[in-house]
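Chemist: task: produce atomic coordinates for the following.
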Amino acid sequence: MVDRKKIYNSIVPVLLGVFLFISNFLTTNIFDFGNSNFTVWFVLSIICFACGWYINKTLGWHLGGKVIFSIIIAATLLGIIVITYFRDYFSPNELLAENLILYSLRNITLGAMAFFGMSVVEILTKQKDYLILQAKLKTFEDTLKDAKKEAELELREAKVKAQKLMQDAEINAKNITLRTKLIEKQLQEFIQIEKELIKKYEEIN
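Modeler: Prediction:
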């Protein structure tokens, strides 16, 4: 099954090259649109802009730029060959060198429109990516703030628990100390009673 997307990706650069080449025939003895020359030129510029837009969407900035640059070079060289061999049809009253420069500039201008279309797409894409990245960054900052608040709350809770544990430990230590003193006192009293009992027993005997 033929992949239509690949076909479209191939057709658009070819169309751009065709339009660049066709621009050489404006205001010639072959095609002369008279007062409509500017309108035709403007339409060609819009078409080249749209081709650059589509090429950037499908091929990307780097590969698309290389493709458009290659198309400009190829169309310009082909135009130079055609103008050289059929100079009678391309402003015969002008010098050949002037014609070559003029028509080459036409191709470069339309190629620049294609690059302009690519640039507009790239700027819009980067702007969209920037807005998405900015939204993600804001979400991350909000999440970080929430996490910081949760950490502070957990730290406070941990401090309260630690203080409570310390207080409980101090109370337990005091209780143990009191019990120890009480036991010591009871032992001393018990020893004292035993001593008195022994003394009384000795006096009786």
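Chemist: now the helices for the protein?
Modeler: Secondary structure of the chain, counting by DSSP state H: helices at 4-22, 37-59, 61-85, 96-204.
Chemist: mind putting the ones you listed in TSV, mean pLDDT and mean neighbour count included?
Modeler: Just so you know, the C-beta spots here come from the backbone N, C-alpha and C atoms, and that holds for glycine as well. Shown next, in TSV, are these (pLDDT from 0 to 100; neighbours: other C-beta atoms under 10 Å):
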stretch	mean pLDDT	mean neighbour count
helix 4-22	78	16
helix 37-59	84	18
helix 61-85	86	17
helix 96-204	85	12
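Chemist: name the nearest residue to Pro13, sequence neighbours excluded.
Modeler: Nearest non-adjacent residue to Pro13, counting by C-beta to C-beta, 6 or more residues apart in numbering: Val67, 5.3 Å away.
Chemist: quick check: the gap between the one residue sitting closest to the centre of the chain and Ile123.
Modeler: Closest to where the C-alpha atoms of the chain average out (C-alpha atoms, centre = their mean) is Asp129, at 4.9 Å. For Asp129, the distance to Ile123 equals 11 Å [C-beta to C-beta, to the nearest Å].
Chemist: try Gln188
Modeler: Computed as C-beta to C-beta, the Gln188 to Ile123 distance reads 95 Å.
Chemist: next one: Leu100
Modeler: 34 Å.
Chemist: check Leu20 too.
Modeler: Here the criterion is C-beta to C-beta. By it, Leu20 lies 24 Å from Ile123.
Chemist: this completes my enquiry, with thanks.
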